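Undergrad: can you look at this prediction? I've put the sequence above it.
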Amino acid sequence: MAQPALKVLPGGSAGAPRNRFLDAWEWFRTEKEGDGCSPKTIEYYRYQVLPFLEWLARQHPEVQDFPELVADHLRSYRAWLAKRPRRYGGQLDATTLLTSHKAIRTFLKWIQSNNRQVQMDPALLEFRRPRQPYKQAVLFDISELRSILACCETPAEQLAVRLLVGAGLRESELCGFCLKGPDGSPDLIPDPTEQGRFLLRVRWDGGSKGRKTRYVPISVKLAAHVKRYVAISRPTDSPYPQLLISRQGRPFKPEGVKSMMNRFKRRLGFRVHAHAFRHTYATASVQMDINLEKLRAAMGHADYDTLLRYVKLASERPLGPAKDWAEFIYVPARSLEH
């Protein structure tokens, strides 16, 4: 079956001349929207791919089609990007360069796979990713975690910290956790397969990455904290379905969670950010002898590559005894016996 040719679609980047690349971008964006990608994912690609196309139009106006694009163009763009100052000073770090590289490569490979008539420079698609310095993930041991909990000002903040570390949630997933989802089912249920354990539903429409629903096993103690908050502290007249309600009477938002983390950092003197609780959850779970396949599913990882990082961390930094962690995460009975 013949592949469709690139089509000119309305829109594009203001101020940049129309060319084949911008037409291809509009095609790519429209297809992603039609595939059900989240607005956040679409914005990610727009933020990473369009600057490259606009740079190409300014610096190499003679390049008008994909066969004319070569690896040297991508190399020059990366060098320009690396030297460009940030908004508030300093240069972009290696992680930002890697993010740009991944998005542009995804875009180019998608175009080639969807239009066989496009002949690209093979070196362009195999262009080496930028080197990344090894950064030690931020983890919290049991004493640091208790210090963070002591800094919380409201029961909602305490429960937010417990959910972040007890279920490995992302910021968006924490804010999207509801008493009942749009389908009328609760986001917290007893585990029908194992006594003494609950399941926390991370919904595709509740901030889950990749728009995939998953179930995270949590301890009875964490489930009890959720129920206690609902029974005693959560406003009974709140019109919102979200579990966590701020002092202003509105659901928690990612920017509010970031503000809370910054306050912890100022008071405690060490770095605190929401994703570090996710690192801690995974590393502590490995140390507590959680089944790796079940942990991978609970984390929402597509493969084991990221999970192996936590296996390495678990062997390098002990976070505390299992009996202490049983207050926060689900710990198998066999681990408590050691």
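TA: Perfect, thanks for sending it.
Undergrad: can you name the residues in contact with stretch 275-293?
TA: Applying C-beta atoms under 8 Å, 6 or more residues apart in numbering, the contact partners of stretch 275-293 are 137-140, 145, 161, 164-171, 295, 298-299, 304, 307, 310-311, 313-314, 317-320, 322, 325, 328-332, 334-335. Placement of C-beta: from N, CA and C, glycine included.
Undergrad: try it again with 7 Å
TA: Outside of stretch 275-293, the residues within contact range by C-beta atoms under 7 Å, 6 or more residues apart in numbering are 137-140, 164-170, 295, 299, 307, 310-311, 313-314, 318-319, 322, 325, 329, 331-332, 334-335.
Undergrad: now, of the residues you listed, which are buried?
TA: Buried by 16 or more other C-beta atoms under 10 Å: 137, 139-140, 164-170, 295, 299, 307, 310, 313-314, 319, 322, 325, 329, 331-332, 335, out of these.
Undergrad: what's around the nearest residue to Pro130 once chain neighbours are set aside, how many residues?
TA: Nearest residue to Pro130, sequence neighbours excluded (C-beta to C-beta, 6 or more residues apart in numbering): Leu97, at 4.4 Å. By other C-beta atoms under 10 Å, 18 other residues sit near Leu97.
Undergrad: so Leu97 makes contact with Ala79?
TA: No. Contact criterion C-beta atoms under 7 Å: Leu97 and Ala79 do not qualify, at 10.0 Å.
Undergrad: so what's Arg129 up against?
TA: Applying C-beta under 7 Å, 6+ apart, we find Arg129 in contact with 98, 101.
Undergrad: next one, pLDDT for it please.
TA: We have a pLDDT of 85 for Arg129.
Undergrad: helix or strand for it, just tell me which one.
TA: Under DSSP states H and E, no helix or strand contains Arg129.
Undergrad: and the gap between it and Glu144?
TA: Distance, Arg129 to Glu144, by C-beta to C-beta, to the nearest Å: 33 Å.
Undergrad: ditto for Glu33
TA: Applying C-beta to C-beta to Glu33 and Glu144 gives a distance of 42 Å.
Undergrad: which one of these two has more residues nearby?
TA: The neighbour comparison of Glu33 against Glu144 (other C-beta under 10 Å) goes to Glu144, with 17 against 13.
Undergrad: what sits closest to the more buried one if chain neighbours are left out?
TA: Nearest residue to Glu144, sequence neighbours excluded (C-beta to C-beta, 6+ apart): Phe270, at 7.1 Å.
Undergrad: counting neighbours, what do you get for that neighbour?
TA: The number of residues packed near Phe270 is 12, by other C-beta under 10 Å.
Undergrad: let me know the outermost residue of the protein.
TA: When distances are taken from the C-alpha mean of the chain, Glu62 lies farthest, 38.1 Å away, according to C-alpha atoms, centre = their mean.
Undergrad: which element follows the helix or strand hosting the residue nearest to Pro130 toward the C-terminus?
TA: Element membership of Leu97, judged by DSSP H and E, is helix 94-114. Using DSSP H and E, the next helix or strand after helix 94-114 towards the C-terminus is helix 122-125.
Undergrad: in stretch 264-279, which residues are buried?
TA: In stretch 264-279, counting by 16+ other C-beta under 10 Å, buried: 264, 272-274, 276-279.
Undergrad: likewise stretch 199-209?
TA: Neighbour counts over stretch 199-209 (16+ other C-beta under 10 Å) mark 199-204, 206-209 as buried.
Undergrad: which of those residues lies closest to Gln119?
TA: Closest approach between these and Gln119, by C-beta to C-beta: Lys209, at 34.5 Å.
Undergrad: quick check: Phe270 is in a helix.
TA: No. Read with DSSP: H, G, I helix; E, B strand; the rest coil, Phe270 is coil and lies in no helix.
Undergrad: how much space between it and Glu327?
TA: 21 Å.
Undergrad: burial check on Glu26, number of neighbours?
TA: For Glu26, using other C-beta under 10 Å, the count is 18.
Undergrad: oops, could you answer that again for Lys109 instead?
TA: By the criterion of other C-beta under 10 Å, Lys109 has 13 neighbours.
Undergrad: now it, nearest residue through space, not along the chain?
TA: Leu125 (6.1 Å).
Undergrad: just Ala94 next, same as before
TA: Excluding the flanking residues, the one nearest Ala94 by C-beta to C-beta, 6+ apart is Gln132, at 5.1 Å.
Undergrad: what about the helix or strand hosting Lys221, average pLDDT?
TA: Using DSSP H and E, Lys221 maps to helix 220-228. Across helix 220-228, pLDDT averages out at 96.
Undergrad: which parts of it are buried?
TA: For helix 220-228, the buried set under the neighbour-count rule, 16+ other C-beta under 10 Å, comprises 222-223, 225-226.
Undergrad: which of these lies closest to Pro235?
TA: Set against Pro235, the nearest of the buried residues of helix 220-228 by C-beta to C-beta is Val226 (15.4 Å).
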